[in-house]
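>>> sequence? don't have it. structure:
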Ligand SMILES: [Cu+2]
């Protein structure tokens, strides 16, 4: 099962609706460059050793709906580098998910105290994972459910 989140992006560009579905930037740049009213929901995700804290809930699931435009605000509040991969079938040798649901977007890597935001619109339902593939982190439990509801 592959989910291509860029199908909708292409469609929207063609029809001229001013929304950027996938981008990475600092939160201040988002405010300057994009229309915040187009974003349905914002979820804050903190990275630390060795977990994701989703809107204040340590180890909580990220739950999205097909068709909603959501911004995930990541911040690394830990003491080492963390990353965010989205998908299924962890490959601990190559340090990635075999099934990357954000492809061709690869991953987000944040240094200590780093922040970044990812805005997108899921196009297909499914139950996946958000995981960190810095060495030993996924194995230590740095993963949470990433659920897209129909
Ligand atoms: Cu990590």
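Done, it's in. Small disclaimer: the values here were computed from a predicted structure and weren't measured. Numbers count the residues shown, from 1 in each chain.

>>> which of the residues in the longest strand anywhere in the chain are buried?
Assignment by DSSP state E gives strand 82-91 as the longest strand of the chain. The neighbour-count check on strand 82-91 (16 or more other Cβ atoms under 10 Å) flags 82, 83, 84, 85, 86, 87, 88, 90 as buried. All C-beta atoms are positioned from the backbone trio N, CA, C, and that covers glycine.

>>> next one: stretch 94-112
95, 96, 97, 99, 100, 101, 102, 105, 107, 108, 109, 110.

>>> which of the buried residues of strand 82-91 are close to the ion?
Filtering the buried residues of strand 82-91 for proximity to the ion by Cβ under 5 Å from the ion leaves residue 82.

>>> and which of the buried residues of strand 82-91 is nearest residue 127?
Distance to residue 127, by Cβ to Cβ, is smallest for residue 88 among the buried residues of strand 82-91, at 8.4 Å.

>>> shouldn't the closest one be in contact with residue 130?
No. Here residue 88 does not reach residue 130: they are 11.0 Å apart, not a contact under Cβ atoms under 8 Å.

>>> Flag the shaky bits of the protein, pLDDT-wise.
1-34 (pLDDT under 70).

>>> Quick check: the farthest pair among the buried residues of stretch 94-112?
99 and 110 (22.7 Å).

>>> before we move on, back to that, now, which of the buried residues of stretch 94-112 lie within strands?
96, 97, 99, 100, 108, 109, 110.

>>> Name the helix or strand for residue 118, please.
strand 115-120 (DSSP states H and E).

>>> Give the buried residues for that strand.
Applying 16+ other Cβ under 10 Å to strand 115-120 flags 116, 117, 118, 119, 120 as buried.

>>> check these against the ion, which are close?
Within the buried residues of strand 115-120, nothing lies near the ion by Cβ under 5 Å from the ion.
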